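Student: here is a sequence together with a model predicted from it:
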Amino acid sequence: MNILITGGAGYIGSCATLKIIKNYKSHCIILDKQETINLTKLIQSYNKNLTFYKVDLTNYHQLKEIFQDISNKFKIDVIIHFAAYTIVSESEANPYKYFHNNINSTLNLLELMIHYEIPHIIFSSSASVYGKANYIPINESHPLNPLSAYALSKKISEDLIIKYSQKGINYINLRYFNPAGSIDNLGEEHNPETHLIPLLVKSLIEGKTFRIFGNDFPTKDGTCIRDFIHIQDLVVSHLISLEHLLTGKVINETFNVGINKGYSVLEVVQKSLEIFKNKINPHFKYIFDKRREGDVPILLADSQKIQEMMNFKPNYDLEDILYSVWNYEMEKISL
Ligand SMILES: NC(=O)c1ccc[n+]([C@@H]2O[C@H](COP(=O)([O-])OP(=O)(O)OC[C@H]3O[C@@H](n4cnc5c(N)ncnc54)[C@H](O)[C@@H]3O)[C@@H](O)[C@H]2O)c1
């Protein structure tokens with residue numbers, strides 16, 4: 001099986017590539033516009049199973065040349081499309097950057113899928129498409145109300161994929177809630193990092209002040225509630241999607257991927273203080289800061305659909321996530 005992975009140098013894409021190579025006798029072709037530490041590690045370990053093309057997916061002509069080159073060497077069975085810009089606040093400051101990148105990348109891919117007869121796509125969507133929830137937990141039929149340019153770029157990408165399904169492309173859209181954690185030596189390396197758990201763990205280790213954005217949300221302790229899913233589980237949801245899509249058991253469906261359990265930001269901080277108590281740098285402290293633009297009070301998944309239709313069951317909880325990030329960060333320090 002040959003799998004084309006866009007954004008495979010990034011956090012989730014590299015972790016998925018690792019698992020796919022380990023689980024299947026597959027060849028992964030990564031398309032990404034940057035070379036990252038995660039990509040270097042993948043290539044070091046799995047050179048034989050990997051081909052990397054450095055390309056900006058918004059450049060249709062260059063992308064087409066690459067598809068031509070790939071089609072001379074491999075028959076692509078499926079695309080997993082992770083590539084996107086992902087920082088909500090940046091998307092609000094610069095919506096053009098996000099619309100141009102995220103929408104055009106998806107459109108170019110879809111057009112070339114038709115041209116090169118690649119039948120299947122799994123798309124990385126996001127719970128942000130729901131906006132401020134009308135009810136909790138959020139199921140897939142919850143109305144979509146994307147509040148940021150990032151979220152809107154995800155919704156439009158979903159719409160494009162649905163439109164192209166009329167031309168014969170089969171898809172599965174996965175709406176991730178809050179992925180976190182690491183797999184082996186691969187972890188979150190966003191620049192800048194805006195995600196709670198890597199920022200918190202780094203602050204605990206380095207003895208920095210950690211800022212909690214907003215303690216006046218309508219939640220039990222005033223801080224935001226999120227559904228954190230371990231990257232191990234998230235990646236498994238892709239493997240399961242691959243199997244169902246390729247065998248035709250499930251096509252043209254959208255699924256939430258979360259664990260149906262919410263933790264407030266303050267609870268995550270308290271859980272970390274409890275489990276790492278003897279190891280925390282004594283200079284660590286946390287403070288409350290004002291809300292960040294675009295943060296909604298609660299994002300909590302109803303993931304019954306993916307459980308029922310594809311038998312997906314998450315195996316890890318918040319503690320596992322925190323330990324894996326702690327170990328990942330400590331390993332970086334020891335190198
Ligand atoms: N991390 C999360 O919390 C989260 C939550 C919901 C959805 N998602 C979605 O999951 C996907 C992966 O997220 P991530 O956290 O791994 O992000 P990431 O930034 O670590 O990885 C994204 C990768 O895409 C590449 N990329 C972006 N635009 C490109 C382009 N035009 N051409 C080629 N490569 C391009 C980047 O270079 C990067 O390596 C994204 O689509 C994101 O929207 C992530």
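Tutor: Thanks, I have the structure now.
Student: which residues in the stretch 151-300 of the chain form helices?
Tutor: 196-206, 231-246, 265-275 (DSSP state H, counting those that start in this stretch).
Student: what's the closest of these to the ligand?
Tutor: helix 231-246 (8.8 Å; CB to the nearest ligand atom). Yep, even glycine has a C-beta here, placed from its N, CA and C like the rest.
Student: ok, back up a step: could I get the helices of the stretch 151-300 of the chain as TSV with mean neighbour count and distance to His120?
Tutor: Listed next are those as TSV, based on neighbours: other CB atoms under 10 Å; distance: least, CB to CB, whole Å:
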stretch	mean neighbour count	distance to His120
helix 196-206	20	32
helix 231-246	21	5
helix 265-275	18	36
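Student: any chance of those helices in JSON lines, plus mean pLDDT and distance to the ligand?
Tutor: Formatted as JSON lines, these follow (pLDDT from 0 to 100; distance: least, CB to the nearest ligand atom, whole Å):
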{"stretch": "helix 196-206", "mean pLDDT": "97", "distance to the ligand": "10"}
{"stretch": "helix 231-246", "mean pLDDT": "98", "distance to the ligand": "9"}
{"stretch": "helix 265-275", "mean pLDDT": "98", "distance to the ligand": "14"}
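Student: could those be laid out in CSV, adding distance to Phe255?
Tutor: Listed next are the helices of the stretch 151-300 of the chain as CSV, based on distance: least, CB to CB, whole Å:
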stretch, distance to Phe255
helix 196-206, 23
helix 231-246, 8
helix 265-275, 25
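Student: to Tyr328, which of those lies closest?
Tutor: Closest approach to Tyr328 among the helices of the stretch 151-300 of the chain (CB to CB): helix 196-206, 8.3 Å.
Student: list the helices and strands the closest one packs on?
Tutor: Contacts defined by 3 or more CB pairs under 8 Å, 6 or more residues apart in numbering; DSSP states H and E place helix 196-206 against strand 178-180, strand 209-213, helix 265-275, helix 318-334.
Student: next up, the contacts around His142.
Tutor: Counting by CB atoms under 8 Å, 6 or more residues apart in numbering, His142 touches Tyr130, Ala133, Asn134, Tyr135.
Student: helix, strand or coil for it?
Tutor: The assignment at His142 comes out as coil when based on DSSP: H, G, I helix; E, B strand; the rest coil.
Student: now it: how far from the ligand?
Tutor: 16 Å (CB to the nearest ligand atom, to the nearest Å).
Student: could you tell me the per-residue confidence at that residue?
Tutor: You'll see His142 listed with a pLDDT of 98.
Student: and Asn191, by the same measure?
Tutor: pLDDT at Asn191 comes out at 89.
Student: same question, Glu293
Tutor: 81.
Student: got a list of what it touches?
Tutor: Val88, Ser89, Glu92.
Student: for the host helix or strand of the last one, name the packing helices and strands.
Tutor: Just to be clear, that refers to Glu92. Assessed by DSSP states H and E, Glu92 sits inside helix 88-93. When contacts are defined as 3+ CB pairs under 8 Å, 6+ apart, helix 88-93 sits against helix 95-98, helix 149-165.
Student: what residues of stretch 113-128 count as buried?
Tutor: Buried residues in stretch 113-128, counted by 16 or more other CB atoms under 10 Å: Met113, Ile118, Pro119, His120, Ile121, Ile122, Phe123, Ser124, Ser125, Ser126, Ala127, Ser128.
Student: apart from its chain neighbours, what residue comes closest to whatever residue of the chain ends up closest to the ligand?
Tutor: For the chain, the residue positioned closest to the ligand under CB to the nearest ligand atom is Gly10, at a distance of 1.9 Å. Distance criterion CB to CB, 6 or more residues apart in numbering; nearest residue to Gly10, sequence neighbours excluded, is Phe82 at 6.1 Å.
Student: quick check: that neighbour vs Val235, distance?
Tutor: 11 Å (CB to CB, to the nearest Å).
Student: what is in contact with these two at once?
Tutor: What both Phe82 and Val235 touch, as defined by CB under 8 Å, 6+ apart, is the set Ile12, Ala16.
Student: farthest-separated two in the buried residues of stretch 113-128?
Tutor: Most distant of the buried residues of stretch 113-128, by CB to CB, are Pro119 and Ser128, 28.2 Å apart.
Student: and Phe312, how many neighbours?
Tutor: 19 (other CB atoms under 10 Å).
Student: and the closest residue to it other than its chain neighbours, what does it touch?
Tutor: Leaving aside its sequence neighbours, Phe312 sits nearest to Ile306 (CB to CB, 6+ apart; 4.5 Å). Residues near Ile306 by CB under 8 Å, 6+ apart: Ser237, Ile240, Phe255, Asn256, Val257, Phe312.
Student: contacting residues for the closest residue to Met113 other than its chain neighbours?
Tutor: Using CB to CB, 6+ apart and skipping the chain neighbours, the partner closest in space to Met113 is Ile169 (5.7 Å). Each residue near Ile169 by CB under 8 Å, 6+ apart is listed here: Leu110, Met113, Ile114, Ile118, Pro119, His120, Ile121, Ile161.
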